[in-house]
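# What shape does this take:
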Amino acid sequence: MSSQSHLLQPARDNPSILDKLANEYSYVSAGYPDGLVRVSMCEERGRGLMATRTIKQGEMVYDDKYGMEVELTEEQLRVHLEVKTAEERKMFLMHCYCHDGALWYVLGIGRFTNHSKTPTCGNIPRCTSSGIILPSGAAPGSYATRDIEEGEEITEDYSDYQSLPFYQQLCQENQVESTSVCASKYK
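Model prediction:
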């Protein structure tokens, strides 16, 4: 659970609070070390995260403990979507992902992390299975899977995330590519 949980908890059941927080925090870099990344336009992909300096392989890029994410149940997600226009529903669903058996809505700049089959970052299991040496007692988060040059995009492989049936269904109903569809469809 993030260190901002006391701020985020009321947003789970109140769409207007969650929308307000999403607007307020869309450029907050909570979870990322100071000065490590910035939001920038990426060719053909809209906004993405770029490294502002060289990041060494195995270096922490994102610390889950300090991230700005709200866990939503299926019921809470449906309540949030009911009050949105079709375009707002698409944008909302695009900034959700699933892990640890739950659905999460991303508020901070992490929402701009794009997919790649050859990602620049990965979670602990991805890194260790690739032979990347992480610090002893590495905290949950994302680590550089190789050296990342200044100005290079920060990406993850969305296949590292889970999929939940209700999320898949809502994405299909709203003509949104879920993280699992992106993972199977794009490079």
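# Three-state assignment for the residue lying closest to residue 116 once chain neighbours are set aside, please.
Leaving aside its chain neighbours, residue 116 sits nearest to residue 155 (3.8 Å; criterion: Cβ to Cβ, 6 or more residues apart in numbering). No exception for glycine: its C-beta is placed from N, CA and C like everyone else's. Of the three states, residue 155 takes strand under DSSP: H, G, I helix; E, B strand; the rest coil.
# so residue 155 makes contact with residue 114?
Yes: the criterion here is Cβ atoms under 8 Å, and residue 155 meets it with residue 114 at 5.3 Å.
# Look at those two and report which has more neighbours.
Between residue 155 and residue 114, residue 155 has the larger neighbour count (other Cβ atoms under 10 Å), namely 22 against 18.
# which ones are touching that one?
48, 113, 114, 115, 116, 119, 120, 121 (Cβ atoms under 8 Å, 6 or more residues apart in numbering).
# Which residues are in contact with the first one?
With Cβ under 8 Å, 6+ apart as the criterion, the residues that contact residue 48 are 39, 40, 41, 42, 112, 113, 114, 153, 154, 155.
# Over to the fourth one?
Taking Cβ under 8 Å, 6+ apart, we find residue 115 in contact with 155, 156, 157, 158, 179, 182, 183, 186.
# ditto for residue 142
Contacts of residue 142 by Cβ under 8 Å, 6+ apart are 60, 61, 62, 121, 122, 123, 156.
# switch the cut-off to 6 Å
Shown in contact with residue 142 (Cβ atoms under 6 Å, 6 or more residues apart in numbering): 61, 62, 121.
# Tally up the residues packed near residue 106, please.
By other Cβ under 10 Å, neighbour count at residue 106 equals 21.
# correct me, but it touches residue 69?
Yes: between residue 106 and residue 69 there is a contact under Cβ atoms under 6 Å: 5.3 Å.
# beta partners for residue 143?
Counting by DSSP bridges, residue 143 is bridged to residue 60, residue 122.
# Need the pLDDT of it.
In this prediction, residue 143 carries a pLDDT score of 96.
# For this protein, which segments count as strands?
Along the chain, counting by DSSP state E, strands occupy 37-42, 46-51, 60-63, 69-72, 96-99, 102-106, 114-115, 121-122, 141-144, 153-156.
# Compare those and give me the one nearest residue 175.
For residue 175, the closest of these is strand 96-99, at 14.9 Å, according to Cβ to Cβ.
# If residue 47 is in a bridge, with which residues?
Going by DSSP bridges, residue 47 forms beta bridges with residue 41.
# Count the residues that sit near it.
That count, for residue 47 with other Cβ under 10 Å as the rule, works out to 14.
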